[in-house]
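In: fold the following for me, if possible:
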Amino acid sequence: MTSSSTSPRAAGGRLEPAVRRALIVEAARTVILREGLGATRLRDIATEAGVSVGTVTYHFTSVAEILNEVVVLETARFYSSIIEAVDAEADPVVGVRMLVAPLFSGTDATEDHWRLWSDYWTAVARRPAVAAEYVARIRVWESCLTRTLRRGAEQGVLRVDDASALALRLAAYSDGLATQLSQHAPGLTPAIALEWMWRFVDLETGVRVDA
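Out: Down below sits the predicted model:
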């Protein structure tokens, strides 16, 4: 017999607030990917989630706030297993490879990932305060890369003076490439973007990591 403490529904069959909140975030991700952030309204999210607009506004004050939660969810889904594997990898060179390669895999999941991030960057550019409290939760790739580069420098297999600064540069470069891909820049493909990333990493670390 299932205990009430493990059930996602409260007394009377209603969903627990945390479950409703997660449902709304999932619905928002679907709508944003389908319509784009600029065309997404609270009513669209409510309809997708199968709840009232009032239920959405009870949990969130705006689409921008929901977008923060969508990006946190997307970050966890896309990077969690990668980061766990990289932190367990003894070879920092292999670790860098494991972090960079998935960014430009050309899969639907990767394309969706960058589309969400593109909308997020646009929102943050307009309202920088939107992302302030979420920085630590969404910059996990960069944090893991910093740790990996630092280990590489300590082991003497990577030429790195400032791991955090280099991780930021690599994050900025990958974000720029992803933006160009999302805009369908002529002649740019995920494979070419990845090749350029490898060149940049090679120049910055003095080591080929794409072998």
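
In: and the lengthiest helix in the chain, what does it pack against?
Out: In the chain, taking DSSP state H as the definition, the longest helix is helix 63-88. In this structure, helix 63-88 packs against helix 17-35, helix 42-49, helix 92-100, helix 108-126, helix 135-138, helix 140-155, with contacts taken as 3 or more C-beta pairs under 8 Å, 6 or more residues apart in numbering; DSSP states H and E. Bear in mind the C-beta positions are built from the backbone N, C-alpha and C, glycine included.

In: the same query, at a cut-off of 7 Å, please.
Out: Secondary-structure packing of helix 63-88 (3 or more C-beta pairs under 7 Å, 6 or more residues apart in numbering; DSSP states H and E): helix 17-35, helix 92-100, helix 108-126, helix 135-138, helix 140-155.

In: what is the mean pLDDT for it?
Out: Averaged across helix 63-88, pLDDT comes to 91.

In: flag every buried residue along it.
Out: Applying a neighbour-count criterion of 16 or more other C-beta atoms under 10 Å, one finds 63-64, 66-71, 73-75, 78-79, 82-83, 86 buried in helix 63-88.

In: now stretch 116-124
Out: Buried residues in stretch 116-124 (16+ other C-beta under 10 Å): 116, 117, 118, 119, 120, 123, 124.

In: excluding its backbone neighbours, what's nearest the residue nearest the centre of the chain?
Out: Centroid check for the chain by C-alpha atoms, centre = their mean gives residue 75 as the closest residue, at 3.3 Å. Distance criterion C-beta to C-beta, 6 or more residues apart in numbering; nearest residue to residue 75, sequence neighbours excluded, is residue 138 at 5.1 Å.

In: which residues touch residue 105?
Out: Counting by C-beta atoms under 7 Å, 6 or more residues apart in numbering, residue 105 touches residue 190.

In: returning to what we had before: out of the buried residues of stretch 116-124, which is nearest to residue 173?
Out: Within the buried residues of stretch 116-124, the smallest distance to residue 173 is 14.2 Å, found for residue 117 (C-beta to C-beta).
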